[in-house]
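In: any chance you could fold what I've pasted below:
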Amino acid sequence: MAREIRYYYDEESCTFQPERTDLKKQITRKLSMLGGSMLLASVIVAVVFFLYDSPKEVLLKKQNTELLSQISQLEDQFASIEAKVEELHNTDNNFYRSLMSTDKTDDGEWNSGVGGAVEAADATVPQELEDAKTRIERLNYKIDIQNKSYDFLFKKLSEKEDELRHIPAIKPVPGSIISGFGMRMHPIQGFRKMHTGIDMEASTGTPVYAAGDGVVKMAGVTQGGYGLQIEVEHGSYGYVTKYAHLSGIKVKENQRVKRGDVIGYTGSSGLSKGPHLHYEIIKDGRKIDPIDYFYGDQKPQDYVKLREDAKVENESMD
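Out: Take a look at the predicted model:
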């Protein structure tokens with residue numbers, strides 16, 4: 001294709017003359033056109049940037065909208081879980097810890113929430129999402145405290161269960177009370193003296209049951225008028241039980257027994273008026289009233305009657 005020739009009118013010669021090519025002018029004109037195009041493109045990009053979201057921003061906004069909708073739907077569940085956690089905490093503090101005789105969880109620790117440095121809020125994240133995140137962190141914090149509390153209580157319960165198994169808490173024979181703990185008339189010596197146990201009605205040969213878990217400390221005859229007797233040491237909790245005036249023994253010294261095991265049989269050996277069981281509890285070396293420990297196998301009304309019978313200041317059997 002032939003190059004296009006441009007002409008201009010020369011007034012001096014009154015003729016049309018071909019236009020000379022000026023490279024500098026051409027370059028200047030081209031650059032001017034390019035600059036104008038770039039400026040226009042920049043204006044268009046700026047308008048699109050400020051007026052329209054990028055694909056990434058569109059996706060994020062869509063996700064945020066969906067999350068906000070889900071949070072709104074989960075609001076009731078949030079509130080329900082928070083209420084249940086608080087209920088568990090209150091039950092723990094006011095019942096379980098009281099039952100185990102332990103200190104309550106500190107209110108300051110429970111309500112302190114999530115610690116640590118406060119981070120600057122992300123302007124792109126809606127406040128509802130930030131609030132939901134905070135609630136979840138606080139719930140996780142409280143659940144962690146509650147789990148630790150339960151671990152502590154289970155350990156205490158295990159210790160308590162062992163103690164409860166060893167405490168003498170049942171009647172060693174099913175019979176009624178003949179004579180209780182305290183000052184009583186001795187049937188053979190003929191004067192009032194301290195009766196250090198409880199005499200219980202039982203014909204000769206009635207099975208005698210261990211009142212709690214323990215180890216047989218003594219089984220045989222000793223001085224003091226008790227006749228054939230058994231002593232059981234109940235673990236490291238300071239309790240010893242004595243079963244006296246027996247007709248037979250079924251256990252050996254150092255033998256382990258459990259509550260309810262038959263350890264011997266009632267009789268009237270030693271300084272005794274007749275067949276019965278003389279039963280004592282020694283706590284930390286001091287003899288105490290066994291009637292306070294008959295709660296393990298008695299109905300309330302039966303236990304009340306036992307206490308009333310034990311109060312009567314009558315003649316003992318030994």
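In: alpha carbons only for contacts and neighbour counts from here, please
Out: Will do.
In: spatially nearest residue to residue 270 (excluding sequence neighbours)?
Out: Excluding the flanking residues, the one nearest residue 270 by Cα to Cα, 6 or more residues apart in numbering is residue 227, at 3.6 Å.
In: cool, residue 277 as well?
Out: Leaving aside its chain neighbours, residue 277 sits nearest to residue 200 (5.2 Å; criterion: Cα to Cα, 6+ apart).
In: confirm the one you found sits in a helix?
Out: No: using DSSP: H, G, I helix; E, B strand; the rest coil, the assignment for residue 200 is strand, not a helix.
In: give me the neighbour count for it.
Out: Residues near residue 200, counting by other Cα atoms under 10 Å, number 25.
In: now residue 86
Out: 17.
In: A helix includes it, no?
Out: Yes: according to three-state DSSP, residue 86 belongs to a helix.
In: quick check: the gap between it and residue 176.
Out: With the distance defined as Cα to Cα, to the nearest Å, residue 86 ends up 49 Å from residue 176.
In: again with residue 242
Out: Distance, residue 242 to residue 176, by Cα to Cα: 18 Å.
In: of the two, who's got more company?
Out: Taking other Cα under 10 Å, residue 242 and residue 176 do not tie; residue 242 has more neighbours (22 against 15).
In: which helices and strands sit right next to whichever helix in the chain runs longest?
Out: For the chain, the helix with the greatest residue count under DSSP state H is helix 127-166. Under the contact criterion of 3 or more Cα pairs under 8 Å, 6 or more residues apart in numbering; DSSP states H and E, helix 127-166 touches helix 55-91.
In: quick one: low-confidence parts of the stretch 101-250 of the chain?
Out: 101, 113-126, 128 (pLDDT under 70).
In: at 50 instead, please
Out: Within the stretch 101-250 of the chain, the segments meeting pLDDT under 50 span 115-118, 120.
In: which elements pack onto the lengthiest strand in the chain?
Out: Scanning the chain for the longest strand, with DSSP state E as the assignment, gives strand 239-249. Other helices and strands packing on strand 239-249, by 3+ Cα pairs under 8 Å, 6+ apart, are strand 228-234, strand 262-266, strand 276-283.
In: okay, those strands in CSV with distance to residue 167 next?
Out: Below are the helices and strands packed on strand 239-249 laid out as CSV (distance: least, Cα to Cα, whole Å):
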stretch, distance to residue 167
strand 228-234, 7
strand 262-266, 17
strand 276-283, 10
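In: now mean neighbour count and distance to residue 304 too, for those strands, in a markdown table please.
Out: Shown next, in a markdown table, are the helices and strands packed on strand 239-249 (neighbours: other Cα atoms under 10 Å; distance: least, Cα to Cα, whole Å):
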| stretch | mean neighbour count | distance to residue 304 |
| --- | --- | --- |
| strand 228-234 | 25 | 26 |
| strand 262-266 | 24 | 25 |
| strand 276-283 | 25 | 19 |
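In: leaving out chain neighbours, which residue sits closest to residue 264?
Out: That would be residue 249: by Cα to Cα, 6+ apart, it lies 4.2 Å from residue 264.
In: so that neighbour touches residue 266, yeah?
Out: No: in terms of Cα atoms under 8 Å, residue 249 does not count as a neighbour of residue 266; the distance is 9.2 Å.
In: count of neighbours near the residue nearest to residue 270?
Out: For residue 227, the tally of surrounding residues (other Cα under 10 Å) stands at 21.
In: give the contact list for it.
Out: Remark: with contacts taken as Cα atoms under 8 Å, 6 or more residues apart in numbering, residue 227 is in contact with 221, 244, 245, 246, 268, 269, 270, 271.
In: now for the residues you listed: which two are most distant?
Out: For those, the farthest-apart pair by Cα to Cα is 221 and 268; their separation is 12.8 Å.
In: okay, these two: which has more neighbours?
Out: Neighbours per residue (other Cα under 10 Å) separate residue 221 from residue 268, with residue 268 holding more: 23 against 17.
In: now do the contacts for that one.
Out: Applying Cα under 8 Å, 6+ apart, we find residue 268 in contact with 204, 227, 245, 246, 247, 274, 275, 276.
In: filter those down to the buried ones, ChimeraX style.
Out: To isolate the buried members of the contacts of residue 268 in ChimeraX, using 16 or more other Cα atoms under 10 Å:
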select :204,227,245,246,247,274,275,276
